[in-house]
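[1] Predicted coordinates and the sequence they were generated for:
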Amino acid sequence: MDSATARELRDIWLEYSVLLFRKVDWTAAEHIAFTKTFGTLHIMPRLGTEIPVNLRQHPEIFVVSNIEKNGKPLGVKRAGWGWHSDGEDKQVPNMASMLYGVKTPKVGGDTGFASTYRAFEALSPETQAFLDGKRARFSRVEMHLINYPNLPPLTEEEKRDRPDVWHPIVRTHPETQRKCLYIGRWAVEIEGMADEEGGTLIDELTTHIAKSEFTYIHKWQPGDVVLWDNRCTQHCAIPYDDSKEERHMLRTTLEGDVPFHLTTDGRRVESSLDQ
Ligand code: OGA
Ligand code: MN
């Protein structure tokens, strides 16, 4: 792509948050090269698993798959079953992800996408004001086995590498400056709220984001490539019968920056580690 085309594509992506390209047939190197036109590639670490999470020859490609070859899994099974945005449990979450459907089920295996701009805009002015500048604690350590019950627990070293992080619940998108809701399945606590009360609010907000009026459900065809913006959307792999259907997906992931929010009273709130 020339730079004018790349700029145009980025503007469309910033407007719509999720882009779909159909009938793509490319190599891992082409997938990587195309992703690089959007930013810096991120390499996924293994977490609580001996399973290779990335392609051996191309560690920039993360494999979501339920297929086994010679008794060995080709990738991570049941990745992303539950609403989230990629890297939300880290101080520097991932800006974007690009998922390529190689083998997609005839029945099920869809992916839901939610606009967290729309979800924020639909909240009452009182709730928007209440959340403005508040942060939530996201915890890989507390939620790993809840969100990934089929994976082994984190080692002590992995726990040290993934400390909890506080993110602004209302997030200012760094490129569009629009406000969105930033909360998901790794959130465990809300600043200034008792555990139970905060937990109830987290549940309410995550349920709110997944309402049908804010979501698009993508039915995959082999050769589909979906690029999504993790800063202003959430996504969810919708559970399917993975004992019957084969699903094999390749994902590239882009580096992001530290989330922040500019409050209506002029404060800048940033994500920080829990220490
Ligand atoms: C992901 C993810 C959803 C899916 O790759 O980040 O959450 O439907 N995948 O496979
Ligand atoms: Mn995901």
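    Noted; the coordinates are in hand. Residues are numbered from 1 along each chain as shown. Ligands and ions are numbered 1, 2, ... in the order given.

[2] SS state for the nearest residue to Phe214 once chain neighbours are set aside?
    The shortest distance from Phe214 to any residue other than its chain neighbours is 4.5 Å, reached at Arg118 (CB to CB, 6 or more residues apart in numbering). Placement of C-beta: from N, CA and C, glycine included. Judged by DSSP: H, G, I helix; E, B strand; the rest coil, the three-state class of Arg118 is helix.

[3] Just confirm Arg118 contacts Ser212, I think it does.
    No: at 11.3 Å, Arg118 does not count as touching Ser212 under the criterion of CB atoms under 8 Å.

[4] the more surrounded of those two?
    Arg118 (18 against 9; other CB atoms under 10 Å).

[5] quick one: the more buried one and Pro239, what's the gap?
    Noted for Arg118: a distance of 24 Å to Pro239, by CB to CB, to the nearest Å.

[6] And for Glu60?
    When distances are taken as CB to CB, Glu60 and Pro239 turn out to be 27 Å apart.

[7] Tell me the residue of this protein that sits nearest ligand 2?
    Using CB to the ion, the single residue of the chain nearest to ligand 2 is Gly80, 3.8 Å away.

[8] and that residue, backbone torsions?
    When read as degrees, to the nearest 10, the backbone of Gly80 gives phi 70, psi 30.

[9] Tell me how many other residues surround Pro45.
    Counted with other CB under 10 Å, the burial measure for Pro45 works out to 10 neighbours.

[10] List the residues that contact it.
    Val53, Asp161 (CB atoms under 8 Å, 6 or more residues apart in numbering).

[11] for the stretch 151-275 of the chain, what spans make up the helices?
    With DSSP state H, counting those that start in this stretch applied, the stretch 151-275 of the chain shows helices at 156-161, 195-209, listed in chain order.

[12] Please work out which of the ones you listed is packed deepest.
    Most buried of the helices of the stretch 151-275 of the chain, by mean neighbour count (mean count of other CB atoms under 10 Å): helix 195-209, with a mean of 16.

[13] Could you give the separation of that one from the chain centroid?
    Mean C-alpha position of helix 195-209 versus that of the full chain (CA atoms, centre = their mean, to the nearest Å) differs by 19 Å.

[14] Would stretch 240-255 count as contacting ligand 1?
    Yes: for stretch 240-255 and ligand 1, the contact criterion (CB under 6 Å from any ligand atom) is met by Met249, Arg251.

[15] quick one: Gln128 is in a helix?
    Yes: looking at Gln128 with three-state DSSP, it is inside a helix.

[16] burial count for it?
    Gln128 is flanked by 16 other residues according to other CB under 10 Å.

[17] ditto for Gly112
    With neighbours defined by other CB under 10 Å, the count for Gly112 comes to 17.

[18] In the stretch 151-275 of the chain, which residue sits closest to ligand 1?
    The shortest separation between the stretch 151-275 of the chain and ligand 1 is 3.2 Å, found at Ala237 (distances taken as CB to the nearest ligand atom).

[19] That residue against His84, yeah?
    No: assessed by CB under 8 Å, Ala237 is found out of contact with His84, at 9.6 Å.

[20] ok, the two, which is more surrounded?
    Neighbour tally, Ala237 and His84, criterion other CB under 10 Å: the higher count belongs to His84, 23 against 20.

[21] for the stretch 51-200 of the chain, what are the low-confidence residue spans?
    Within the stretch 51-200 of the chain, no range satisfies pLDDT under 70.

[22] pretty sure Ile12 belongs to a helix, no?
    Yes: for Ile12, which was evaluated using three-state DSSP, the result is membership in a helix.
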